[in-house]
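Asker: Here is my input; please provide its structure:
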Amino acid sequence: MENVGKKNKKPLVKKLKKTVQVQPNEVLIDDELDDDEEASDKNYEPEQHDMRMVISGGQLKKNKAIIKKMDAPVSNENESVAARIMKVRCRPHSLELLIKDLTPKQIDAVKEVGFGGILGLKLTETCKIMMPWLVERFNGASLMFNIGVNKEFVVTRYDVYDVFCLPMNVGNDVPEIAIVRVGENIDSQLKDVWKQQFNVHGYDGIPLKKIEARIRELIDGGDEFKKLFVMHALCSFLTPTANRTVDLKLAKALHVVSEIRNYDWCSYVLGQLGKHVSHFKDHEKQESLCGCMLLLEIIYFHRLKFQGKKENPTTSNTTLDG
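Answerer: Residues are numbered from 1 along each chain as shown. Here you go, the predicted structure:
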């Protein structure tokens, strides 16, 4: 079994500067929306230069002109995506604010559970105008990313690891609680434990704000803190939910804290992104787009830096939630 996630490696997430303006109600990030809105490979060693510094402020400024030129041919499908309202639910800013206030003991706890790679998250704003272009060029089923003529590649779990340094234990998939009728799932009691802890009843979801409040109380870290932090990181950023609530199907994966770092979280994050992009493209009336879209943006800029040639992302009506 491969465990890349335990290596000490700085993630490739750097500070993004605001570089492109879009018209209101075109591209929305979840943090901009109202709270009540509905919302084998054992010998693999990442290259030392992988994706570092590729989304720094300077890099985005260089790509401002690229985005404006828009010479890239646009397909009929892309025209359809570009014309739609897109509410991107990835909320990096929410997680960044939480990380900013962590105590030294909490930071150590995050590292112990295998998610220390995201502690360097520093974002002011993502490049909203690129989102429709990224969605068009990424095939959620095959994970093929086409960034230009004769320039396509399959996004893999290693790309996720190079960006976020999450645990990547190949073959140890993240377990989920199946969606079945009440009383039919022996794991349903795990969901009940979470709901009882936050005084939530029935089919109501647990707001992420309640998770944040409790995290700030657990200044000494500990197992409860580890569970809550990982849940928040997933539901706000890595595998974001549409309505700013906890995704209780993950309760099984977080139940035994010592096992959290032993799962293949890189494959899980990528799989969720592919699933949600495919769902968005297949349903014309859908506005919400879950999945960690920032991942595609980082990978795109990485390819620009190390391949030399640049494509011109198209503009559209997209909104980021983060």
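Asker: What score does the nearest residue to residue 212 once chain neighbours are set aside have for pLDDT?
Answerer: Among residues not flanking residue 212 along the chain, residue 98 sits closest, at 5.8 Å (Cβ to Cβ, 6 or more residues apart in numbering). (Glycine included, C-beta is placed from N, CA and C.) Residue 98 carries a pLDDT value of 94.
Asker: I'd guessed residue 98 sits against residue 214; true?
Answerer: No. Counting by Cβ atoms under 8 Å, residue 98 stays clear of residue 214, with 11.4 Å between them.
Asker: between these two, who's got more neighbours?
Answerer: Higher neighbour count among residue 98 and residue 214: residue 98, with 21 against 15, using other Cβ atoms under 10 Å.
Asker: Please, which helix or strand holds residue 213?
Answerer: Here residue 213, judged by DSSP states H and E, is contained in helix 208-217.
Asker: what element comes up after that helix heading to the C-terminus?
Answerer: Taking DSSP H and E, what comes next after helix 208-217 is helix 223-233.
Asker: contacting residues around the next helix or strand after that next one?
Answerer: Downstream of helix 223-233, the next assigned helix or strand under DSSP H and E is helix 251-255. Contacts to helix 251-255, defined as Cβ atoms under 8 Å, 6 or more residues apart in numbering, come from residues 174-177, 187, 190-191, 193-194, 227, 230-231, 259-260, 263.
Asker: sorry, back to before: next, the residue nearest to residue 212: secondary structure please.
Answerer: The three-state assignment at residue 98 reads helix, by DSSP: H, G, I helix; E, B strand; the rest coil.
Asker: And the nearest residue to residue 208 once chain neighbours are set aside, how close does it get to residue 207?
Answerer: Leaving aside its chain neighbours, residue 208 sits nearest to residue 244 (5.1 Å; criterion: Cβ to Cβ, 6+ apart). Going from residue 244 to residue 207 by Cβ to Cβ, to the nearest Å gives 6 Å.
Asker: Looking at the two, which one has more neighbours?
Answerer: Remark: of residue 244 and residue 207, residue 244 carries more neighbours, 24 against 16, as counted by other Cβ under 10 Å.
Asker: So that one versus residue 90, what's the distance?
Answerer: Applying Cβ to Cβ, the value for residue 244 to residue 90 is 12 Å.
Asker: go on, residue 265?
Answerer: The gap separating residue 265 from residue 90 is 16 Å, by Cβ to Cβ.
Asker: check contacts around residue 137.
Answerer: Residue 137 makes contacts with 145, 146, 147, as judged by Cβ under 8 Å, 6+ apart.
Asker: tell me the two of the contacts of helix 251-255 that are most distant?
Answerer: 193 and 263 (19.7 Å; Cβ to Cβ).
Asker: So those two - more neighbours on which side?
Answerer: Neighbour comparison, residue 193 and residue 263: the larger count goes to residue 263, with 21 against 11 (by other Cβ under 10 Å).
Asker: Three-state assignment for residue 129, please.
Answerer: Taking three-state DSSP, the label given to residue 129 is helix.
Asker: Near it, how many other residues are there?
Answerer: 21.
Asker: same question, residue 221
Answerer: 20.
Asker: separation between it and residue 205?
Answerer: As for residue 221, its distance to residue 205 is 26 Å (criterion: Cβ to Cβ).
Asker: What of residue 157?
Answerer: The gap separating residue 157 from residue 205 is 29 Å, by Cβ to Cβ.
Asker: Residue 128 too?
Answerer: For residue 128, the distance to residue 205 equals 26 Å [Cβ to Cβ].
Asker: Same drill for the two, tell me which one is more crowded.
Answerer: Comparing residue 128 with residue 205 by other Cβ under 10 Å, the one with more neighbours is residue 128, at 26 against 16.
Asker: can you pull the buried residues of stretch 140-149?
Answerer: Going by neighbour count (16 or more other Cβ atoms under 10 Å), the buried part of stretch 140-149 is 140, 143, 145, 147.
Asker: Between those, which sits nearest residue 272?
Answerer: Of the buried residues of stretch 140-149, the one sitting nearest to residue 272 (Cβ to Cβ) turns out to be residue 140, at 9.9 Å.
Asker: which residues does the closest one contact?
Answerer: 273, 274, 275, 276, 277, 278, 279, 281 are the contacts of residue 140 under Cβ under 8 Å, 6+ apart.
Asker: Kindly report the same for residue 224.
Answerer: Residue 224 touches 214, 218, counting by Cβ under 8 Å, 6+ apart.
Asker: Do you know the pLDDT at it?
Answerer: On pLDDT, residue 224 comes in at 97.
Asker: And for the one 4 residues further on?
Answerer: Confidence at residue 228, expressed as pLDDT, is 98.
Asker: repeat for residue 141
Answerer: Reading off the model, residue 141 has pLDDT 96.
Asker: show me the residues around it that make contact.
Answerer: Residues near residue 141 by Cβ under 8 Å, 6+ apart: 274, 278.
Asker: remind me which residues of the stretch 151-300 of the chain are low pLDDT?
Answerer: For the stretch 151-300 of the chain, the stretches with pLDDT under 70 are 180-185.
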